[in-house]
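[1] I'd like to go over a predicted model; first the sequence, then the structure.
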Amino acid sequence: MWGTGRKMAFGAAPGSRSKVWYTLADGNLSEVFFPYLDRVALHELRFFVSASGAPPVDDAADGQHSISWISPGVPAFHVDSTHHEYRLTKEFFSDPEENAMLIAATFKRPRHTSSGLVAPAAGRVDLRRRAVQPCHGRLLPQL
């Protein structure tokens, strides 16, 4: 199953060592491809905001999103998503030394609310082929 055709961005690690590519749509991770561009390893990672007694807010559908490069010319992205109930800042990048997709997120909500953040993923993981490998706590070098 393929994600939406309305992509905000296509990303990859600098250099040729990493075999991870990804797309962003509606402020969220749309697909992760590994080890080839025609193999979807992860289909959709979305963020939901949940508050007690209220239906969850789907960040992809209900948030307003702006996107920018983390560094000019490097296919890594900063996405700022806003909604009247929260602000969610995300950075998406793949590790140039490993086959790993990395996401850093900051969630802010109004002080008077008790909302939380949930990020379910729909993936296709073949552990026999090691399609998804842990990143072992490595961080992306400063770009």
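    Structure's in. What do you need? Numbers count the residues shown, from 1 in each chain.
[2] all helices for the protein, in order.
    Using DSSP state H, the helices found in the chain span residues 59-62.
[3] just give me the residue right at the centre of it.
    L29 (3.7 Å; Cα atoms, centre = their mean).
[4] identify the bridge partners of that one.
    L24, L45 (DSSP bridges).
[5] from S52, how far off is it?
    L29 sits at a distance of 27 Å from S52 (criterion: Cβ to Cβ, to the nearest Å). (C-beta placed from N, C-alpha, C; glycine too.)
[6] likewise H65?
    Taking Cβ to Cβ, one finds H65 at 26 Å from S52.
[7] more neighbours: those two, which one.
    Ranked by neighbour count (other Cβ atoms under 10 Å), H65 and S52 place H65 first, with 18 against 8.
[8] what pairs with that one across the strands?
    Residues in beta-bridge contact with H65 (DSSP bridges): S81.
[9] pLDDT value on it, please?
    In this model, H65 is scored at 97, pLDDT.
[10] next one: R87
    93.
[11] before we move on, what about P141?
    Here the pLDDT value assigned to P141 is 34.
[12] what's the neighbour count on V20?
    So V20, with other Cβ under 10 Å, has 24 neighbours.
[13] that one and H84, how far apart?
    V20 is 35 Å from H84, by Cβ to Cβ.
[14] where along the chain do the strands fall?
    Along the chain, counting by DSSP state E, strands occupy 9-12, 21-25, 28-33, 40-45, 48-50, 57-58, 64-69, 77-83, 86-94, 101-108, 116-118, 121-123.
[15] let me see the contact set for S115.
    V49, S50, A51, E85, Y86, R109 (Cβ atoms under 8 Å, 6 or more residues apart in numbering).
[16] filter those residues to the buried ones?
    Among the contacts of S115, the ones that count as buried by 16 or more other Cβ atoms under 10 Å are V49, Y86, R109.
[17] so E85 makes contact with D59?
    No - E85 lies out of contact with D59 (Cβ atoms under 8 Å); the separation is 10.3 Å.
[18] mutual contacts of these two, please.
    With contacts defined as Cβ under 8 Å, 6+ apart, the residues shared by E85 and D59 are V49.
[19] poorly predicted segments of this protein, please.
    Applying pLDDT under 70 to the chain flags the ranges 1-3, 112-113, 122-143.
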